[in-house]
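Asks: Sequence plus predicted model, see below.
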Amino acid sequence: MPYAGVVALWSVLVGTLPIGYNPGYPNALGIILGLVFMAISIYFLGAPIVNESGNFDIGTELYMKISPDVTLSMIKEDTAAYHKAAGPTTAEKVLDDDDAGDDSKEDVVTGVENVA
């Protein structure tokens, strides 16, 4: 999402234009209104850092519709698949097995044996 554009939009709408047309418009009111409107914009336009459905923010989703990006599509699908999977991942299972107290485990990633 082009967040700088959102900041510029609200700065002009609640700061520059009102002060230009009405010299008695308090600067503090413009700052407070700008902060409020930016917070509301972030709440409605922003997306969580890791969205369980794999969706990105509105700007990235529009970009993907206009110019399909294979890498972003893969990330989106992998994120959704991760959250839809039932139970822990392989890495989480290995960590749980290590906590069981066995001194000798085979490392899943490298295939070498760990001896504690």
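Replies: Received it, and whenever you're ready, just let me know what you need.
Asks: Of all residues in the protein, which one is nearest the centre?
Replies: Centre of the chain computed as the mean C-alpha position; nearest residue by C-alpha atoms, centre = their mean is Ile49, 2.4 Å away.
Asks: How much space separates that residue from Asn55?
Replies: Using C-beta to C-beta, to the nearest Å, Ile49 is found at 12 Å from Asn55. For the C-beta atoms, the positions are set from N, CA and C on the backbone; glycine is no exception.
Asks: swap in Tyr82?
Replies: Tyr82 sits at a distance of 14 Å from Asn55 (criterion: C-beta to C-beta).
Asks: swap in Lys84?
Replies: From Lys84 across to Asn55, the span is 13 Å (C-beta to C-beta).
Asks: ok, these two, which is more surrounded?
Replies: Set Lys84 next to Asn55 and count neighbours by other C-beta atoms under 10 Å: Asn55 wins out with 14 against 10.
Asks: Quick check: the more buried one is in a helix.
Replies: No - the assignment for Asn55, made by DSSP: H, G, I helix; E, B strand; the rest coil, is coil rather than a helix.
Asks: Check it and give its pLDDT.
Replies: Asn55 carries a pLDDT value of 82.
Asks: same deal with Ala100?
Replies: Note on Ala100: pLDDT of 55.
Asks: go on, Trp10?
Replies: pLDDT, Trp10: 91.
Asks: need the helices for this structure, in chain order.
Replies: Per DSSP state H, the chain carries helices over the ranges 3-11, 17-21, 27-45, 58-66, 70-84, 90-98.
Asks: Compute the number of surrounding residues for Lys76.
Replies: Residues lying near Lys76 (other C-beta under 10 Å) number 19.
Asks: if I pick it, what's in contact with it?
Replies: Counting by C-beta atoms under 8 Å, 6 or more residues apart in numbering, Lys76 touches 54-56, 64.
Asks: again, only this time at 7 Å
Replies: Shown in contact with Lys76 (C-beta atoms under 7 Å, 6 or more residues apart in numbering): 54, 56.
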